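**Q** generate coordinates for the sequence data below:
(chains A, B, C and D)
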There are 2 protein chains.
Amino acid sequence: MLFSKTCEYGIRAAVYIASQSDKTEKTGIEEICENIEAPRHFTAKILQILTRNHLLSSQKGVNGGFYMTAEQLKQPMIALVEAIEGKEVLSKCGLGLKACSETEPCPLHNKYASIRNNIKQMLSGMTIKDMAVSLQTGKAFLKID
Amino acid sequence: MLFSKTCEYGIRAAVYIASQSDKTEKTGIEEICENIEAPRHFTAKILQILTRNHLLSSQKGVNGGFYMTAEQLKQPMIALVEAIEGKEVLSKCGLGLKACSETEPCPLHNKYASIRNNIKQMLSGMTIKDMAVSLQTGKAFLKID
DNA sequence: TTAAATAAGGATGTTTTTGTCTTTTATTGT
DNA sequence: ACAATAAAAGACAAAAACATCCTTATTTAA
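**A** Okay, the predicted model is just below:
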C-alpha cells in the first residue's frame, strides 16, 4: 500500500546492511537477500540505485560488498524512500489530480495532507540506524527463522 | 502512493455520481468520465465492481446509468477502498513481511500501525456523501474547468 | 414490437513493475 | 601478473496494472 515492492526490498536491505555495520567485513548481496528474503538480482539493482545516491557504499572484488558509513547510518528513512520512489511521491494528490492544490483542493485534500504529514514525520524521524538498532536488540525482525 | 489508479478513479467516479444524486436522471458513464477525467472503458469496469459490491446502483437501457441510494450515500470511503483494493490492504505489513506481527514486528511496525490507523480513521470517518457535499458547495473539486 | 440506449462482460492490447540471466568492470589475495 | 570474487550494467522475461474494443444483455421510449 504505502511502499512499492522495490521500496520494501530497498528499505529491508539497507536496514540489514546497517545492522551489520559494526563488523569489519562488508556484506555481500547473497547474504543480504537470504536475510531479508528478497529476490537476488532485483535487490542488487535496487542497491545500485541506493549506492548511486550515496545512501549505501559498496566495493567490488574479493572481500567486497555493501556497507554504510557513520554518515549514511544517520540518514533518515525518507532519504531511502525518495531515492527509490522519487521526491514527488510524498506531495502528490491523494486522488491523483494534477490540478489539486490548496486553492482548488480535491475532496480528500485536507485530511490526506495531514496523513501525508504523519508519514513524512515518521520517515524523517527515524534514521536507518534506529531501525538497525531495533533489529540488533531483538526488538524487531526482518525474517523469522 | 496510497491508492492505485483503479482506486483513484473509483473514488472519483463514486463521488461524482453521489454529487449528482439529487437529480432524478441517472448518470451515464460518458458524463462521469468527462467530469472526472478518467478513461471511459477502464472506469466502466471499476464501476462494475462497485455495483456488484452494492456500493453503487445501476440501470441498463434508455435513460439508464449509475445512481446511489440514500443508504449507499451513507457508506464510508473505506467501503470503496476495500471493495477495490481488497479488505487486507489496510492491515498488511508496511515492509511487506508475511510474518510481521505484534510479537515479531518489523522495525517499522509500531509507527506504521499508527499511520495506518490514521488512514483507517480518515476513510471510516468520511462518507461518500460528505465528499459529494464538498463538491456541491464548491469547497472542493474533481476537475478544474 | 422494434430500435435505440446503456450497463455488463469478455477478449485483447499496452505499459509498468517485478524478477532473472549473462556479461563486464573493479578489486584483491596469492 | 593472475585467478577469484563481487558489484555494476545490460538484455531479457513474467506478472500485474492499466486501458481499449467488441459483443451481449437489459430496458425503455416510440
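**Q** drop to CA atoms for contacts and neighbour counts, all remaining ones
**A** Will do.
**Q** strands of chain A, start to end?
**A** Remark: strands assigned in chain A by DSSP state E are A:57-59, A:65-67.
**Q** for chain B, which of these is the nearest?
**A** strand A:65-67 (19.2 Å; Cα to the nearest Cα).
**Q** in the closest one, what counts as buried?
**A** Residues A:Gly65, A:Phe66, A:Tyr67 are the ones in strand A:65-67 that count as buried (16 or more other Cα atoms under 10 Å in any protein chain shown).
**Q** for the lengthiest helix in chain A, packing partners?
**A** When chain A is parsed with DSSP state H, its longest helix is helix A:109-125. Helix A:109-125 is packed against helix A:77-85, helix B:109-125, with contacts defined by 3 or more Cα pairs under 8 Å, 6 or more residues apart in numbering or on different chains; DSSP states H and E.
**Q** so can I have TSV of the strands of chain A showing distance to DNA strand D and mean pLDDT?
**A** Formatted as TSV, the strands of chain A follow (distance: least, Cα to the nearest atom of the strand, whole Å; pLDDT from 0 to 100):
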stretch	distance to DNA strand D	mean pLDDT
strand A:57-59	5	98
strand A:65-67	3	98
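**Q** out of those strands, which gets nearest to A:Gly138?
**A** Distance to A:Gly138, taken as Cα to Cα, is lowest for strand A:65-67 among the strands of chain A, at 20.9 Å.
**Q** out of the strands of chain A, nearest to B:Glu34?
**A** Smallest distance to B:Glu34 across the strands of chain A (Cα to Cα): 49.5 Å, for strand A:57-59.
**Q** show me what counts as buried in the closest one.
**A** Judged by neighbour count using 16+ other Cα under 10 Å, the buried positions of strand A:57-59 are A:Ser57, A:Ser58.
**Q** which positions in chain A make contact with DNA strand D?
**A** Counting by Cα under 7 Å from any atom of the strand, chain A comes close to DNA strand D at A:27-30, A:41, A:44-45, A:47-48, A:51, A:58-66.
**Q** of the buried residues of strand A:65-67, just say which sits nearest to DNA strand C.
**A** Of all the buried residues of strand A:65-67, A:Gly65 has the smallest distance to DNA strand C: 10.0 Å, by Cα to the nearest atom of the strand.
**Q** wait, the closest one sits on A:Glu30?
**A** No. A:Gly65 sits out of contact with A:Glu30 when judged by Cα atoms under 8 Å, with a separation of 9.6 Å.
**Q** right, I'll leave it there.
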